[in-house]
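Participant: Sequence first, then the predicted structure, then my questions.
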Amino acid sequence: MGSITRREFASLCTGAFAMGSMLATFPGMAHAKGDAADSPLGLDSTDQDLTTLSLSEASARIHSGSVTSTQLTKALLARIGVYNPKLDVYITVMADEALKQAAQLDEEAKAGKFRSPLHGIPISLKDNIDTAGTRTTAASPMFRTRVPTEDAEVVNKLKAAGAVILGKLNLHEFALGCTGDVSYFGPSRNPWALDHVTGGSSAGSGGAVAADLCYGALGTDTGGSIRVPSSWCGIVGIKPTTGLVSIRGIIPCTASLDHCGPMARTVEDVALMLTQMAGYDNEDIFSVPSQREDYTQLMKQPVSGFKLGAPPEYYDHLEPEVASAVSAATEVLTKLTKGVTSRATLPALTQGNFFSGLGDTAAYHQALIKSSGMVYMPPTAARMEQQMKQIPTAAESSRVHTELTLIRRTIDAAFAEIDLVVVPTTIMLPPKINDALAVEMDVNKDKPAYDFFNARLGCSNTAPFDAYGIPALTLPCGFSKSGLPIGLMIAGPHFSEGKVLALAYAFQQATDWHKRKPELTPETPVPPIVEKTPDTGKKS
């Protein structure tokens, strides 16, 4: 099989579940409500200059009056119109709503009324985060026409802070993977190399930020879904402490492990966003009371007294170029702090027990399957069939939840003699989309290779921190010879976001990796998606 369109890809993938008739009546690959490809706005040099600003720079210009929110929004919409057809990072572009919001916020700015540093800043949302009146699909045929009636709590907070909601971003279906290529709307493409995955599950969030298609984005993280795409797309992303940011109104992956956090181009940008996103939500059962912090100020604290740990178990099986980049980054950190010790250790986890033993994913999807059938993409369907056969008993689920609670209560003891840990975000470079699909679409095995590919390779270093429930941030620390980004992860005890951001900020100031941009042009070719026979590697 040669190259296929996004619509043909969806038909191919869903055909195994008799989806042909649905796709015939539903414009499967057309992005409803403000299709980016149909944007009437042209892209000129002024637009280009505006879209390359960091969120912090854009905020400063709005507050100085040198640019308006409407100008920023139009510039981004124009760029989305050119590049989203190549990258497939947006599912829905909320052009009309965004321009209406921007106009109102410009009027407030003229009157000298600024809601926060996010006033007038266009931000996009992973499409598992509910938006009232705009569809939220989880990138699944199951939810292809689902339209929520209420905003997620984190969206309420962003709107109250003056952020403009620009659109909804592609993801790995139901956030159940670390590659980002299994989506009803087609695979998201990495802006640094369009034939490679972005990482997942917050695939569109990583790609959109890296390609200058928004100033910041929200992602969710259950096993690494903020940090993997941030690492593989060369941006900054932070998974905060469990309960610091509300997850009410977000379609769950594994609810007990789910987190929501910001993704942006610089450490300052994610600090600005996190400051506005954090806060207790009495209606979110996972939310925890916390002191309100200004992370942009905590980010500037000195790091010279920090003691860092590099747990050796996170440095196993690294690809050579990842090992080299992280080693060089560690040398920089050694000079900035009191040093890095490899004697630090973190508690071992049985990852499978937490992700399947909790029963959270099965509990959510069991009701969906009962009401709608197995209407998923083939890899997700294979996973669900397996999960439905292995639903944990009440006793097993209770035991695993107790173990999770205990590990979260005791994890801070691992930081008794160190302030933070630093580890490679992933052990590997992002794979090619066609190679990933060859593994993930091979669903005819007793245990799909999909699970091994995602959990063991993509998320092996990131997943434990979701179980620990502690803050973990990734930022760029180098590039491969072929130009693919490499990420460094920084983590600390509960509610140590300030220290994590401070060390990341100090590293960012000492290096220039964050200043690199992918070389995208309107003429950049889009490599074909091909499905390979897993055993031979030949085109079918």
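Facilitator: Yep, that arrived. Note that the structure is a prediction, hence the values are computed from the model and not measured.

Participant: now the longest helix seen in the chain: mean pLDDT?
Facilitator: If you go by DSSP state H, the chain has its longest helix at helix 69-87. In this model, helix 69-87 has a mean pLDDT of 98.

Participant: How about stretch 246-264?
Facilitator: Stretch 246-264 shows a mean pLDDT of 97.

Participant: again, but for stretch 333-353
Facilitator: Predicted confidence along stretch 333-353 averages 87 (mean pLDDT).

Participant: got the contact list for that stretch?
Facilitator: Contacts to stretch 333-353, defined as C-beta atoms under 8 Å, 6 or more residues apart in numbering, come from residues 303-313, 330, 400, 403, 407, 410-411, 414, 417-418, 421-422, 455, 463-464, 467-468, 503, 506-507, 510. Any C-beta I mention is one placed from the backbone N, CA and C, and that applies to glycine too.

Participant: The same query, at a cut-off of 7 Å, please.
Facilitator: Here stretch 333-353 makes contact (C-beta atoms under 7 Å, 6 or more residues apart in numbering) with 303-312, 330, 400, 407, 411, 414, 418, 421-422, 455, 463-464, 467, 506-507, 510.

Participant: PyMOL command to pick out the buried ones of those?
Facilitator: Buried subset of the contacts of stretch 333-353, written as a PyMOL selection, criterion 16 or more other C-beta atoms under 10 Å:
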select buried, resi 303+306+308+309+310+311+330+400+407+411+414+418+421+422+455+463+464+467+506+507
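
Participant: Can you pick out the ones from the contacts of stretch 333-353 that are in helices?
Facilitator: Filtering the contacts of stretch 333-353 for helices - DSSP H - leaves Thr330, Val400, Ile407, Ala463, Pro464, Ala467, Ala506, Phe507, Ala510.

Participant: The third one and Ala394, how far apart?
Facilitator: Same thing as Ile407. Distance of Ile407 to Ala394, computed by C-beta to C-beta, to the nearest Å: 21 Å.

Participant: and if you look at Asp181?
Facilitator: In this view, Asp181 and Ala394 are 35 Å apart by C-beta to C-beta.

Participant: residue contacts, the residue of the chain positioned farthest from its centre?
Facilitator: Distance from the C-alpha centroid of the chain, by C-alpha atoms, centre = their mean, peaks at Ala111 (35.6 Å). Under the criterion of C-beta under 7 Å, 6+ apart, Ala111 has no neighbours.

Participant: could you say which helix or strand contains Ala395?
Facilitator: helix 394-410 (DSSP states H and E).

Participant: what does that helix contact?
Facilitator: Contacts for helix 394-410 (C-beta under 7 Å, 6+ apart): Thr242, Ser256, Pro347, Asn353, Phe354, Gly357, Leu358, Gly359, Ala467, Tyr468, Gly469.

Participant: If any of these are buried, give me the PyMOL selection for them.
Facilitator: Burial among the contacts of helix 394-410 is assessed by 16+ other C-beta under 10 Å; the matching PyMOL selection reads:
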select buried, resi 242+256+353+354+357+358+359+467+468+469
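
Participant: Quick check: the farthest pair among the contacts of helix 394-410?
Facilitator: The most widely separated members of the contacts of helix 394-410, counting by C-beta to C-beta, are Pro347 and Gly359 (22.0 Å).

Participant: Against Pro485, how distant is Ala363?
Facilitator: Note on Ala363: its distance to Pro485, by C-beta to C-beta, is 36 Å.

Participant: what's the answer for Ala264, then?
Facilitator: Ala264 sits at a distance of 15 Å from Pro485 (criterion: C-beta to C-beta).

Participant: who has more neighbours, those two?
Facilitator: Taking neighbours as other C-beta atoms under 10 Å, Ala264 and Pro485 compare with Pro485 leading, 30 against 27.

Participant: count of neighbours near the residue nearest to that one when sequence neighbours are not counted?
Facilitator: Distance criterion C-beta to C-beta, 6 or more residues apart in numbering; nearest residue to Pro485, sequence neighbours excluded, is Gly234 at 3.2 Å. Burial measure for Gly234: 28 neighbouring residues, criterion other C-beta under 10 Å.

Participant: Got the confidence number for Gly234?
Facilitator: 98.

Participant: can you list the residues that contact stretch 501-521?
Facilitator: Here stretch 501-521 makes contact (C-beta under 7 Å, 6+ apart) with 83, 191-192, 210-211, 234, 265-267, 271, 295, 298-301, 303, 306, 332-333, 336, 420, 473, 475-478, 490.
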